[in-house]
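Novice: need a structure here:
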Amino acid sequence: MSTQPQTSIDDHVVTLNPIVGMSLEDLARAGVDLLQAGILQPMVAGEHLLRFNRELVKVLFGTSAEEAPARDRRFADDGYRNNAVHSRLMQSWLALGKSVNEWVDSMGFEGNELERAHFITALATDALAPSNFLLGNPAALRKARESRGASLLAGMKNLVDDMRNNHGMPRQVDKSAFTVGENIASTAGSVIHRSEILELIQYQPRTATQHAQPVLIVPPQINKYYIYDLSPDKSMVGYLLDQGFQVFMVSWRNPTREHRSWGLDDYVVALNEAIDVSREVSKAAAVNVVGACAGGITLATTMAYLAGLKELDKIASMSLMVNVLEPAVEDSVIGLFARNKAIEEERKKYARAGVLDDADTARVFNWMRPNNLIWNYLA
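Specialist: Numbering: from 1, shown residues only. Model (predicted):
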């Protein structure tokens, strides 16, 4: 194993990481740039403000044509169409979002600059959606009335719990409802190989005969292996077993600060060992490998390693899922903010910490889709 933190290969892995390089400072800077551009073009802002006010008058008198898209679940409740107050709240907010978008488009921004501006304004306008507030959410008000206030008390308890135990972010699921081995990760199997970095699981066959070449699944390091075995009816592992495949699964060790010296080369060596064990146990000359996200990056790097050793004949096929091996700035929203300075700061931060904190990871992914992963759980 490596004894010193990697300085070359891992630098590229940090760049591949979709959550490294985005900071609050960059978000704030983008917001300041937008405000400064607006101040320098007051006539443009005034024109759009005037249009917005005209639309508000239409909303007030019930003549506005603003309507939420059918796919927008925030306004699925009939109260936004049948109640005059909630209907006007929704239309006012829709008019605001439309006006802000048109304002940004008219500011002269281009390319990534324009995308950054739209992302910043979307964060702000989405936060102001009436569905995020009790008085603006007809479904929440109805629930409070029907429960005689019990739903409000439950909500306050959830808020306190989130502040204390979830870094202020709303919980998306009740973790206490799941028990590994019972109603999640319940497919029968056993650990057949263990190293410092991973465990290798072999699942029990479900068919009288199996295909000669097994399947080895390599999950991402930031997820549990059982994302491929959630429940009996939502299990990739179960499906493959039913099709007559021998299935092996990598379960990565959850690293701590003491494992900070682990580099990509260590993961590659450990994965190569797992490939060899899978071949030996299944008595197959080659295995089918499947990788996803960061696990796919590790797997692709392992393939390059095997090519250098002239041992690619170990692999029958490789499949990659949700995997980008050569990311570009425009591939994701986060890439728009991944400037060199921010990336360097993140490298230093995680060099000190030794690990990438799960709260930081969750927070960034949540803010990429705030309507579904944050505001959806507020009211």
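
Novice: Domains in the chain, by residue range?
Specialist: Domains of the chain are assigned by automatic domain parsing as 9-165, 176-333.

Novice: Export these as TSV, with columns for mean pLDDT, mean neighbour count and distance to residue 373.
Specialist: Any C-beta I mention is one placed from the backbone N, CA and C, and that applies to glycine too. Shown next, in TSV, are the domains of the chain (pLDDT from 0 to 100; neighbours: other Cβ atoms under 10 Å; distance: least, Cβ to Cβ, whole Å):
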stretch	mean pLDDT	mean neighbour count	distance to residue 373
domain 9-165	87	15	12
domain 176-333	93	17	13
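
Novice: how about those, which one is nearest residue 375?
Specialist: Checking the domains of the chain against residue 375 by Cβ to Cβ gives domain 9-165 as the closest, at 4.9 Å.

Novice: Confirm residue 250 sits in a helix?
Specialist: No. Under DSSP: H, G, I helix; E, B strand; the rest coil, residue 250 falls outside any helix and is assigned strand.

Novice: Dump the domains of the chain into CSV; add distance to residue 353 as well.
Specialist: Converted to CSV, the domains of the chain look like this (distance: least, Cβ to Cβ, whole Å):
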stretch, distance to residue 353
domain 9-165, 13
domain 176-333, 7
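
Novice: of all those, which lies closest to residue 355?
Specialist: Among these, domain 176-333 sits nearest to residue 355 (Cβ to Cβ), with 5.7 Å.

Novice: Tell me where the stretch 101-250 of the chain has helices.
Specialist: For the stretch 101-250 of the chain, the helices defined by DSSP state H, counting those that start in this stretch occupy 111-127, 138-146, 150-165, 236-242.

Novice: again but with the stretch 251-379 of the chain, I slipped
Specialist: With helices called from DSSP H, counting those that start in this stretch, the stretch 251-379 of the chain shows them at 264-282, 293-308, 340-353, 358-368, 370-373.

Novice: what angle sits between the longest one and helix 293-308?
Specialist: With axes from the mean of the first three to the mean of the last three Cα atoms, to 10 degrees as the criterion, the two stretches helix 264-282 and helix 293-308 enclose an angle of 80 degrees.

Novice: and helix 264-282, what does it pack onto?
Specialist: Applying 3 or more Cβ pairs under 8 Å, 6 or more residues apart in numbering; DSSP states H and E, one finds that helix 264-282 contacts helix 9-16, strand 189-194, strand 198-203, strand 215-218, strand 247-252, strand 287-292, helix 293-308.

Novice: so how far is it off the chain centroid?
Specialist: Computed by Cα atoms, centre = their mean, to the nearest Å, the separation of helix 264-282 from the middle of its chain amounts to 28 Å.

Novice: what inclination does it have with respect to strand 189-194?
Specialist: Interaxial angle, helix 264-282 versus strand 189-194 (the same axes, to 10 degrees): 120 degrees.

Novice: And the contacts of helix 264-282?
Specialist: Residues from elsewhere that reach helix 264-282, judged by Cβ atoms under 8 Å, 6 or more residues apart in numbering: 1-2, 6, 9-10, 13, 192-193, 195-198, 200, 202, 213-214, 216, 218, 221, 246, 248, 250, 284-287, 289, 298-299, 301-302, 305-306, 314-315.

Novice: Residue 236 against residue 226, yeah?
Specialist: No. If you go by Cβ atoms under 8 Å, residue 236 and residue 226 don't touch, sitting 10.3 Å apart.

Novice: Can you add distance to residue 86 and give the helices and strands packed on helix 264-282 back as JSON lines?
Specialist: Listed next are the helices and strands packed on helix 264-282 as JSON lines, based on distance: least, Cβ to Cβ, whole Å:
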{"stretch": "helix 9-16", "distance to residue 86": "45"}
{"stretch": "strand 189-194", "distance to residue 86": "51"}
{"stretch": "strand 198-203", "distance to residue 86": "51"}
{"stretch": "strand 215-218", "distance to residue 86": "47"}
{"stretch": "strand 247-252", "distance to residue 86": "47"}
{"stretch": "strand 287-292", "distance to residue 86": "42"}
{"stretch": "helix 293-308", "distance to residue 86": "40"}
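
Novice: Could I get the full set of strands for the stretch 1-150 of the chain?
Specialist: Assigned by DSSP state E, counting those that start in this stretch, the stretch 1-150 of the chain shows no strands.

Novice: could you redo the helices of the stretch 101-250 of the chain as JSON lines and give each row distance to residue 98?
Specialist: As requested, the helices of the stretch 101-250 of the chain are exported to JSON lines (distance: least, Cβ to Cβ, whole Å):
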{"stretch": "helix 111-127", "distance to residue 98": "10"}
{"stretch": "helix 138-146", "distance to residue 98": "22"}
{"stretch": "helix 150-165", "distance to residue 98": "31"}
{"stretch": "helix 236-242", "distance to residue 98": "42"}
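
Novice: For residue 33, find the nearest of those helices.
Specialist: helix 111-127 (7.8 Å).

Novice: and residue 343, which of the helices and strands packed on helix 264-282 is closest to it?
Specialist: For residue 343, the closest of the helices and strands packed on helix 264-282 is helix 9-16, at 6.6 Å, according to Cβ to Cβ.

Novice: coming back round to it: indicate which one of the helices and strands packed on helix 264-282 is closest to residue 362.
Specialist: Comparing the helices and strands packed on helix 264-282 by their distance to residue 362 (Cβ to Cβ), the top pick is helix 293-308, with 14.7 Å.

Novice: Output the closest one as CSV, restricted to C-alpha atoms.
Specialist: Taking C-alpha atoms only, helix 293-308 is exported to CSV below (Å, rounded to 0.1, in the frame of the first residue of the first chain):
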residue,chain,number,x,y,z
CYS,A,293,-19.9,6.5,-11.1
ALA,A,294,-16.7,6.5,-9.1
GLY,A,295,-16.6,2.7,-9.2
GLY,A,296,-16.7,3.0,-13.0
ILE,A,297,-13.7,5.3,-12.9
THR,A,298,-11.8,2.8,-10.8
LEU,A,299,-12.8,0.0,-13.1
ALA,A,300,-11.8,1.8,-16.2
THR,A,301,-8.4,2.6,-14.6
THR,A,302,-8.1,-1.1,-13.7
MET,A,303,-8.7,-2.0,-17.3
ALA,A,304,-5.8,0.3,-18.3
TYR,A,305,-3.7,-1.3,-15.6
LEU,A,306,-4.5,-4.8,-17.0
ALA,A,307,-3.8,-3.7,-20.5
GLY,A,308,-0.3,-2.7,-19.3
